[in-house]
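**Student:** make a model of this:
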Amino acid sequence: MTDRVRRHRRTKVLATLGPASSTPEMILHLFQAGADIFRLNFSHGAHEDHARRVEMIRAVERKTGRAIGILADVQGPKLRVGTFQSGRVQLQAGQSFILDQNQAPGDTRRVCLPHPEIIEAAEIGATLLLDDGRLRLRVQHKRDDHLVTQVLNGGVLSDRKGVNVPDVVLPIPALTVKDRADLDFVLPLGIDYIGLSFVQRPEDVQEARAIVAGRALVMAKIEKPQALDNLEAILNAADAVMVARGDLGVELPPEEVPIAQRRIIRAAQQRGKPVVVATQMLESMITAPAPTRAEASDVASAVFDGADAVMLSAESAAGQYPREAVNMMDRIIARVERDEDWRSLLDAKRPAPENSSADAIAAAAVQVAHVTGAKVIVALTESGSTALRVAREKPDCPVIGLTTNIHVARRLAAVWGVHAVVTESVHSMTQAVEVARKLARLEGFAAKGEELVVVAGVPFGVPGTTNALRVATV
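**Tutor:** This next block holds a predicted model:
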């Protein structure tokens, strides 16, 4: 084991792995630069590639002695047009354009839309967005096997570009045949979160949970307006949530995306569920060694809002500066969290405790730590719920999540302010306090003579029984 790793910030960093970051050396560099959890993007790469990445991440985990989370992000029902005779066409504003079921290559008049559910669900006047919203079409006529549209915003349309339908709830499952095959492959590898793409309804999350069967936590990606309409129900069904601003920014007007982001973060915080802000955070660092000032401000806004984690996509997966991008994210977060406004904003937005003894204990622990000036709160957690409850309160001091379960420790890697440590089981509060004292000192959170707050559930070893609080001195 190398020197123990401790982050001097609360907000976590999620880094996507890809062609630019899939060697053991680079994954270790990304971890050392600040990555707490890694994302495998199943929209790209073969199963064998992802399996190797899992092995490399676990090797870094063994080397550093720090639990590292893995998010497997499945593609979901990505809707696309077919192909063109010449590979691409130029569409002019005002012209008519047909989307049909004919598999023949398209031209300037028509193209195949291999999704009959779109044709069936679309209504006259509905808007279709092509190629991430660069082209806009309006449905003028509808037949059983095709749509006649008018081009509102023209441009070049090439083979297999994406289709978004912001006005319509589509009768399609969130998990495709490909997604199910990807889950069958990746779940036995021991990943920690499943990213569920294009969620529209809580039933989408429930379907995924039935397949996952407790082997990982389900993170619902909010990237469709329909998901915002069902946000509370989706959050109640999911274990975590991601503000996926790429497709969300296609289907929502740009001015609505920051409002939606804050709404999602606030709703997740109220439920004590981890929330990740993703997409285009440091986009220019794909090709440049430093971000724009606007990008730095964007990351800072998510930190001020209290997001559990911020995510890098192509910046770390395919960019020229993956290590620098992670380090920049780490630096921006650390600087924001030293600002006095950051603390006051978190305190102002702290949700009221839920009506349960476990929440009351968590809230009391945070208050006691604040009054006594405790250096750390140590949460003994069997399932992770005790650490989550304490983290929901956004305490002044760090939280050590002590667990006997490595899978729980890895899941806590995505949770705000929690430093997860795997330890042996304890059988009494006295023993729990001794272990907490030892590890708080060993992990560099408290020195001799300093105070800590210990939160646990009695009887020990029973999940979901947070009911005991103790103040101790190292």
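**Student:** quick one: residue 357 from residue 378, how far?
**Tutor:** When distances are taken as CB to CB, to the nearest Å, residue 357 and residue 378 turn out to be 19 Å apart. For every residue, glycine as well, the C-beta is placed using N, CA and C.
**Student:** which residues in the stretch 151-300 of the chain form helices?
**Tutor:** Listed in chain order, the helices of the stretch 151-300 of the chain (DSSP state H, counting those that start in this stretch) span 177-186, 202-212, 225-229, 231-237, 245-251, 257-271, 293-305.
**Student:** quick one: closest of those to residue 13.
**Tutor:** Go through those one by one with CB to CB and the one that ends up closest to residue 13 is helix 293-305, at 9.9 Å.
**Student:** tell me the buried residues in that closest one?
**Tutor:** Of the residues in helix 293-305, those scored as buried under the neighbour-count criterion (16 or more other CB atoms under 10 Å) are 295-296, 298-305.
**Student:** returning to that earlier point: neighbour-wise, which of residue 357 and residue 378 wins?
**Tutor:** The neighbour count for residue 357 versus residue 378, taken as other CB atoms under 10 Å, is higher for residue 378 (33 against 10).
**Student:** which phi and psi does that one have?
**Tutor:** phi -100, psi 120 (degrees, to the nearest 10).
**Student:** heads up, I number from 41, so please use that
**Tutor:** Fine by me, first position is 41 from now on; the one you just mentioned is residue 418.
**Student:** for it, what are its contacts?
**Tutor:** Contacts were defined as CB atoms under 8 Å, 6 or more residues apart in numbering; by that measure residue 418 touches 439-440, 442, 476, 479-480, 492-495.
**Student:** still on that earlier bit, would JSON lines of the helices of the stretch 191-340 of the chain with mean pLDDT be doable?
**Tutor:** Converted to JSON lines, these look like this (pLDDT from 0 to 100):
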{"stretch": "helix 217-226", "mean pLDDT": "97"}
{"stretch": "helix 242-252", "mean pLDDT": "97"}
{"stretch": "helix 265-269", "mean pLDDT": "94"}
{"stretch": "helix 271-277", "mean pLDDT": "98"}
{"stretch": "helix 285-291", "mean pLDDT": "91"}
{"stretch": "helix 297-311", "mean pLDDT": "96"}
{"stretch": "helix 333-345", "mean pLDDT": "98"}
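**Student:** adding distance to residue 357, write those helices out as CSV.
**Tutor:** Formatted as CSV, the entries for these read as follows, by distance: least, CB to CB, whole Å:
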stretch, distance to residue 357
helix 217-226, 17
helix 242-252, 23
helix 265-269, 24
helix 271-277, 26
helix 285-291, 13
helix 297-311, 22
helix 333-345, 17
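**Student:** any idea which of these gets closest to residue 392?
**Tutor:** Smallest distance to residue 392 across the helices of the stretch 191-340 of the chain (CB to CB): 8.6 Å, for helix 297-311.
**Student:** okay, the angle between the closest one and helix 333-345?
**Tutor:** In this structure, helix 297-311 runs at an angle of 30 degrees to helix 333-345, with axes from the mean of the first three to the mean of the last three CA atoms, to 10 degrees as the basis.
**Student:** report the buried residues of helix 297-311.
**Tutor:** Residues of helix 297-311 classed as buried under the neighbour-count rule (16+ other CB under 10 Å) are 297, 300-302, 304-305, 307-309, 311.
**Student:** just stretch 144-162 next, same as before
**Tutor:** Within stretch 144-162, judged by 16+ other CB under 10 Å, the buried ones are 146, 150-155, 158-159, 161-162.
**Student:** report the two of the residues you listed separated the most.
**Tutor:** The largest separation in these, counting by CB to CB, is between 146 and 161 at 21.4 Å.
**Student:** any idea how far the helix or strand hosting residue 137 is from the chain center?
**Tutor:** Secondary structure here is read from DSSP states H and E; on that basis residue 137 sits in strand 136-140. In this view, strand 136-140 has its centroid 37 Å away from the chain centroid, taken as CA atoms, centre = their mean, to the nearest Å.
**Student:** for it, packing partners?
**Tutor:** strand 150-152, strand 175-182, strand 186-193 (3 or more CB pairs under 8 Å, 6 or more residues apart in numbering; DSSP states H and E).
**Student:** take those and lay them out in JSON lines including distance to residue 68 and mean pLDDT.
**Tutor:** JSON lines is the format used below for these (distance: least, CB to CB, whole Å; pLDDT from 0 to 100):
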{"stretch": "strand 150-152", "distance to residue 68": "46", "mean pLDDT": "98"}
{"stretch": "strand 175-182", "distance to residue 68": "43", "mean pLDDT": "97"}
{"stretch": "strand 186-193", "distance to residue 68": "46", "mean pLDDT": "98"}
